[in-house]
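Asks: Coordinates only, no sequence provided:
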């Protein structure tokens, strides 16, 4: 399939000429006369390269620089997209300004179509080489991830702090397909379904905090749902080191361990007791709560009073550093998900 070029030019005649030349060279072309048209096209289709006039109708607030910054700052899914400026401003200072912010190439009007086609071809070939190298690394990376996360009992998602999904193990895929817990949007980002705005805000806050946290730092959260099927319990773990290096990212990656009422994976009582230094009774209380029992049901199951359960619950909050029962349940459900050593038996360096 031929490469697709997004061509943005407010001068109708020149735009028609550009489209004709690019089509004749074998490229698909989508054309826009303004920044607004270009943004709409970017929502609908992913081009392989952008050719954009600097001045668009004289609106300095929504010119070529506006589109460039939008792509680089808000569309992380287009990070590898070559961006070429087309302009009547041939001064050296204008060229340097564009280069300093990272614009890939800068062509001056009147258009030299041979130079234009050579530049487009060169940039596309460069991206192809880099993507080929990246795909080879990612293929090995994904194979190793599968071997790591397949060992775990629960659902695991791997994403960056912006929510770009990199991997979902089979259990996580079942939660998406069979139970509608999560999905991906058109840009490949993780989206939680049926979750209240407050919970979504807290999740994003935790993701931001963990993006610069030490490797192994964790947050637990109960994502409240609009429906009455129970909360989704998640544990978010910060990953750095080899995993971060393999994705060429400056931010940490996040491993999101997911459980809900339909797919709970409880740790053994002794495991829970050892992890949080709990007494046997405290561990039993925590496990019963994680099974969905109310505090009065826990009291009945253990043959104790409600005040005794409340006493154990206060101790649990103190030992686990959480303040809500829902977050305690999320922590219990994540306790059995011990992430294997990423630099040990399963080496992640190429």
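Replies: Now that the structure is in, tell me what you want to look at. Everything numeric in this text was worked out from a predicted model, so none of it was measured. Numbers count the residues shown, from 1 in each chain.

Asks: could you pull out the helices for the stretch 101-250 of the chain?
Replies: Per DSSP state H, counting those that start in this stretch, the stretch 101-250 of the chain carries helices over the ranges 113-149, 170-179, 197-210, 241-246.

Asks: before we move on, what about the stretch 251-350 of the chain?
Replies: 269-276, 280-290, 295-302, 306-320, 325-335.

Asks: Next, residue 111: phi, psi?
Replies: phi -70, psi 130 (degrees, to the nearest 10).

Asks: give the contact list for it.
Replies: Neighbour list for residue 111: 14, 17, 18, 86 [criterion: Cβ atoms under 8 Å, 6 or more residues apart in numbering]. C-beta: built from backbone N, CA, C; applies to glycine.

Asks: how deep is the first one tucked in, by neighbour count?
Replies: A count of neighbours around residue 14, defined by other Cβ atoms under 10 Å, yields 16.

Asks: isn't there a strand covering it?
Replies: No - under DSSP: H, G, I helix; E, B strand; the rest coil, residue 14 sits outside any strand and is assigned helix.

Asks: Could you find the closest non-adjacent residue to it?
Replies: residue 111 (7.4 Å; Cβ to Cβ, 6 or more residues apart in numbering).

Asks: what do you get for the third one?
Replies: On the basis of Cβ to Cβ, 6+ apart, the spatially nearest residue to residue 18 that is not a chain neighbour turns out to be residue 7, at 5.1 Å.

Asks: what about the helix or strand containing the one you found, distance to the chain center?
Replies: Following DSSP states H and E, one finds residue 7 within strand 4-8. Relative to the centre of its chain, strand 4-8 is centred 26 Å away, using Cα atoms, centre = their mean, to the nearest Å.

Asks: low-confidence ranges in the stretch 151-300 of the chain?
Replies: 151-153, 228-229, 240-251, 260-265 (pLDDT under 70).

Asks: re earlier: hmm, which of the contacts of residue 111 are the buried ones?
Replies: 14, 18, 86 (16 or more other Cβ atoms under 10 Å).

Asks: Lowest-confidence one in the residues you listed?
Replies: Scanning the buried ones among the contacts of residue 111 for pLDDT, the low point is residue 86. It has 86.

Asks: what about the stretch 1-150 of the chain, any weak spots by pLDDT?
Replies: Applying pLDDT under 70 to the stretch 1-150 of the chain picks out residues 1, 58-60, 90-91, 94, 131-146, 148, 150.

Asks: same thing but at 90, please
Replies: In the predicted model, the stretch 1-150 of the chain carries pLDDT under 90 at residues 1-2, 43-46, 54-65, 67-69, 71-82, 85-109, 111, 125-150.

Asks: ok, back up a step: okay, now the sheet partners of the strand holding residue 7, with direction.
Replies: Next to strand 4-8 in the sheet, as set by DSSP bridges, lie strand 28-32 (parallel), strand 49-53 (parallel).

Asks: how many neighbours does residue 116 have?
Replies: Other residues close to residue 116 by other Cβ under 10 Å number 19.

Asks: And for the one 5 residues further on?
Replies: Burial of residue 121 is recorded as 14 neighbouring residues (other Cβ under 10 Å).

Asks: quick one: it from residue 115, how far?
Replies: As defined by Cβ to Cβ, to the nearest Å, residue 121 lies at a distance of 11 Å from residue 115.

Asks: which residues are common contacts for the two?
Replies: With Cβ under 8 Å, 6+ apart as the test, residue 121 and residue 115 reach no residue in common.

Asks: Show me the chain divided up by domain.
Replies: 4-133, 142-265, 269-332 (automatic domain parsing).

Asks: Please state the offset of the first one from the chain centre?
Replies: With Cα atoms, centre = their mean as the basis, the distance from the averaged C-alpha position of domain 4-133 to the chain average is 26 Å.

Asks: again, but for the second one
Replies: The chain centroid and the centroid of domain 142-265 are separated by 9 Å, computed with Cα atoms, centre = their mean.
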